[in-house]
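[1] Here is a sequence together with a model predicted from it:
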Amino acid sequence: MNRSPGRPVADVLADLASWRAADPPTHGGRILSYVYDPGRPDLDDVAAEAVRMFLPVNGLDPTTFTSVAELESRIVAFARDVLHGDDGTVGSVTSGGTESCMLAVKSARDLWRAAHGATERPTLVLPTTAHPAFHKAAHYLDLDVLAVPVAPRTGVPAAADVLARVDDRTALVVVSAPSYPFGVIDPVREVAAGVERAGVPVHVDACIGGWVLPWWGGLDDRPWDLAVPGVTSISADLHKFGFAPKGASVVLYRSREQHRAQYFATTAWPGYPVVNPTMLGSRGVGAMAAAWAVLQVLGTSGLAELVDATRRATATLVATVEGIAGLRVVGDPTGPLVAIAADGSTDPVDPFLLIDEVRRRGFLLQAQPAMQQSDGSVLTRTAHLTITPVTERVLDELVATLVDAATAVRGLPPAAPDPSLAASVLSDGLPDDLAVVMATLEALPAEMVRPLLVEVLAATVDPAREGRSGR
């Protein structure tokens, strides 16, 4: 390795600024996925200061860095109150929703093995709309996934169908509040009641909804959190509608036994005794500190105010879409997620064409390809919107954009799949217009799509691409 001299701070920061300038704007409501903008610069300021204060702290050992124990226990207590836990409810702060979900699966798997032995592979029962984090957990932790189809029109699974897949091999049943693809709440109460009789744990994935649904309203007949008997764990992301920086999430358990089962501990080496509550060893504490600070600045009243703005914007957007010829909203979304599909009329609006047209007009939506379920039914392609509090500030422009974009593409034939596209994407990157890309992904067999997706994403960070150097 050749030695290189250090560089002036100003030059280094200029590079960072230039790279960030190429990103879409993360504030202002123009990206309707991935980012969660409360529209309050003061929260960015307090989060940044909290991160700076905790930059050197290692969350590996809260007995040494006792500030970590203070932060984590206080965040867990705050979440426990919001999500209707009780004095026996415990949990951990994690690096994000994926880690929270994986830990819930690990806990359930280990307790299942303790009760049943390790001669069989346990199963994970979930709707097809459950987050891929659970498939990832099953892949890493050696479980089989039993995916239950949802109703194509509503996006909701039938509780009876979920319960029919539960047997002696079931380590955990997963339901969502709401599911990401369609923003609808699964039948949590009905599933939990049936599963409780079988003595099987139920995890509620509320990574999106955990900091929204408590103040959304209209859910008295659809309880979804730890207030529901039979729900044994829940996840809620602080870096989504808790407005903390990435990555911070909470996973809560109804019992200490479940929580302890997520831990890893060993003395099988000559170094210090290792005990890890999460998947990570060394843990950055900046996002945790920022999450606590933001929650304290907002309080539950501030969170409720931000949810009010999100709910108003969501209601307007749903009404707008339902009034646009050629489009429909999938199901009855509860919360800040909306999926837009073609309405099946003779003059439909293709969601992928709509997304490209909306992008040209300054807003970014997310494309969701069609999926065939195990029963043969098809979940249609959709355009996905994540609404945040700041969306209300650009609502008039966004509504006009959706109307005008739909008019521009109404009746146009969907983009045709192009199998030759894979080679050009690998060599030149993704094109600006993604309709043909998404149509191609829909049409190709899954066994071809998965390695292609890996290759496309891996190529974006390959140092050999475009002659990148360490600088």
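    Yep, it's here. Residues are numbered from 1 along each chain as shown.

[2] OK, contacts around Ala406?
    Contacts for Ala406 were tallied using CB atoms under 8 Å, 6 or more residues apart in numbering; they are 324-327, 349, 354, 357. Using the backbone N, CA and C atoms, a C-beta is placed for each residue, glycine as well.

[3] now the strand or helix carrying it: how far from the chain's centre is it?
    Per DSSP states H and E, Ala406 falls inside helix 395-409. On the basis of CA atoms, centre = their mean, to the nearest Å, helix 395-409 is displaced by 26 Å from the centre of the chain it belongs to.

[4] List the buried residues for it?
    For helix 395-409, the buried set under the neighbour-count rule, 16 or more other CB atoms under 10 Å, comprises 395, 398-399, 401-402, 405-406, 408-409.

[5] Can you get me a residue count around the nearest residue to Ala370 once chain neighbours are set aside?
    On the basis of CB to CB, 6 or more residues apart in numbering, the spatially nearest residue to Ala370 that is not a chain neighbour turns out to be Arg381, at 4.4 Å. Counted with other CB atoms under 10 Å, the burial measure for Arg381 works out to 23 neighbours.

[6] lowest average confidence, helix or strand, in the protein?
    Using mean pLDDT, DSSP states H and E, helix 421-428 stands out as the lowest-scoring helix or strand of the chain, at a mean of 75.

[7] Go through that helix and flag the buried ones.
    Within helix 421-428, the residues that qualify as buried are 421-422, 425, counting by 16+ other CB under 10 Å.

[8] Stretch 100-116 now?
    By neighbour count, with 16+ other CB under 10 Å as the criterion, the buried positions of stretch 100-116 are 100-112.

[9] Now distance to Thr460, pLDDT and secondary structure too, for those, in TSV please.
    Converted to TSV, the buried residues of stretch 100-116 look like this (distance: CB to CB, whole Å; pLDDT from 0 to 100; DSSP: H, G, I helix; E, B strand; the rest coil):
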residue	distance to Thr460	pLDDT	secondary structure
Ser100	26	97	helix
Cys101	25	97	helix
Met102	24	97	helix
Leu103	29	98	helix
Ala104	30	98	helix
Val105	29	98	helix
Lys106	30	98	helix
Ser107	34	97	helix
Ala108	35	97	helix
Arg109	33	97	helix
Asp110	36	96	helix
Leu111	39	96	helix
Trp112	38	96	helix
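
[10] ok so, going back, any chance of the buried residues of helix 395-409 in TSV with distance to Val294 and pLDDT as columns?
    As requested, those are arranged in TSV below (distance: CB to CB, whole Å; pLDDT from 0 to 100):
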residue	distance to Val294	pLDDT
Leu395	24	97
Leu398	25	97
Val399	29	97
Thr401	30	97
Leu402	31	97
Ala405	34	97
Ala406	36	97
Ala408	40	97
Val409	39	96
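
[11] between those, which is nearest Asp343?
    Set against Asp343, the nearest of the buried residues of helix 395-409 by CB to CB is Ala406 (10.8 Å).

[12] gap between the closest one and Glu357?
    In this structure, Ala406 and Glu357 are separated by 8 Å, where distance is defined by CB to CB, to the nearest Å.

[13] And for Val349?
    Distance check for Val349 against Glu357: by CB to CB, it reads 9 Å.

[14] Mutual contacts of the two, please.
    With contacts defined as CB under 8 Å, 6+ apart, the residues adjacent to both Val349 and Glu357 are 406, 409.

[15] higher neighbour count, these two?
    When neighbours are counted by other CB under 10 Å, Val349 and Glu357 differ, and Val349 comes out ahead with 28 against 23.

[16] TSV for the buried residues of stretch 100-116, including distance to Asp61?
    What follows is those, written out as TSV (distance: CB to CB, whole Å):
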residue	distance to Asp61
Ser100	21
Cys101	25
Met102	22
Leu103	19
Ala104	24
Val105	25
Lys106	21
Ser107	22
Ala108	27
Arg109	26
Asp110	23
Leu111	26
Trp112	30
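
[17] what's the closest of the residues you listed to Ala77?
    Ser100 (16.8 Å).

[18] what's the burial count for the nearest residue to Ala198 once chain neighbours are set aside?
    If the residues on either side of it in the chain are set aside, Ala198 comes closest to Val166, at 5.8 Å by CB to CB, 6+ apart. Burial of Val166, expressed as a neighbour count using other CB under 10 Å, amounts to 19.

[19] So Val166 belongs to a strand, correct?
    No - counting by DSSP: H, G, I helix; E, B strand; the rest coil, Val166 falls outside a strand, being coil.

[20] Closest to Gly242 out of the buried residues of stretch 100-116?
    Within the buried residues of stretch 100-116, the smallest distance to Gly242 is 12.5 Å, found for Ser100 (CB to CB).

[21] which residues sit in contact with that closest one?
    Shown in contact with Ser100 (CB under 8 Å, 6+ apart): 94, 207, 235-237, 249-251.

[22] Is it possible to mark the buried ones in the residues you listed?
    Buried by 16+ other CB under 10 Å: 94, 207, 235-237, 249-251, out of those.

[23] and which of these is nearest Ala22?
    Lowest distance from Ala22 to the buried ones among the contacts of Ser100 (CB to CB) belongs to Asp237, with 26.3 Å.

[24] roughly how far out does the lengthiest helix in the chain sit from the chain middle?
    Among all segments of the chain classified by DSSP state H, the helix with the greatest residue count is helix 286-322. A distance of 16 Å separates the centroid of the chain from that of helix 286-322, by CA atoms, centre = their mean.

[25] Summarise which helices and strands the helix or strand following it is packed against.
    Past helix 286-322, heading to the C-terminal end, the next element that is a helix or strand (DSSP H and E) is strand 327-329. In terms of contact count using 3 or more CB pairs under 8 Å, 6 or more residues apart in numbering; DSSP states H and E, strand 327-329 is assigned the packing partners helix 286-322, strand 337-342.

[26] Name the residues of the first one that come out as buried.
    By that I understand helix 286-322. Of the residues in helix 286-322, those buried by neighbour count under the rule 16+ other CB under 10 Å are 286-295, 298, 302-303, 305-307, 309-311, 313-314, 316-318, 320-321.

[27] That one vs helix 395-409, what angle?
    Our comparison of helix 286-322 with helix 395-409, counting by axes from the mean of the first three to the mean of the last three CA atoms, to 10 degrees, yields an angle of 60 degrees.

[28] average pLDDT across helix 286-322?
    Within the predicted structure, the mean pLDDT of helix 286-322 is 97.

[29] what's it packed up against?
    Counting by 3+ CB pairs under 8 Å, 6+ apart, the packing neighbours recorded for helix 286-322 are helix 41-53, helix 66-82, strand 327-329, strand 337-342, helix 395-409.

[30] what's the closest of those to Leu126?
    Each of the helices and strands packed on helix 286-322 has some distance to Leu126 by CB to CB; the shortest is strand 337-342, at 17.7 Å.

[31] tell me the angle the closest one makes with helix 286-322.
    In terms of direction (the same axes, to 10 degrees), strand 337-342 departs from helix 286-322 by 40 degrees.

[32] Start the count at 779 instead of 1 going forward.
    Yep, numbering from 779; the last one is strand 1115-1120 now.

[33] so what strands line up beside strand 1115-1120?
    In the sheet, strand 1115-1120 lines up against strand 1105-1107 (antiparallel), strand 1160-1164 (antiparallel) (DSSP bridges).

[34] Cheers, nothing more for now.
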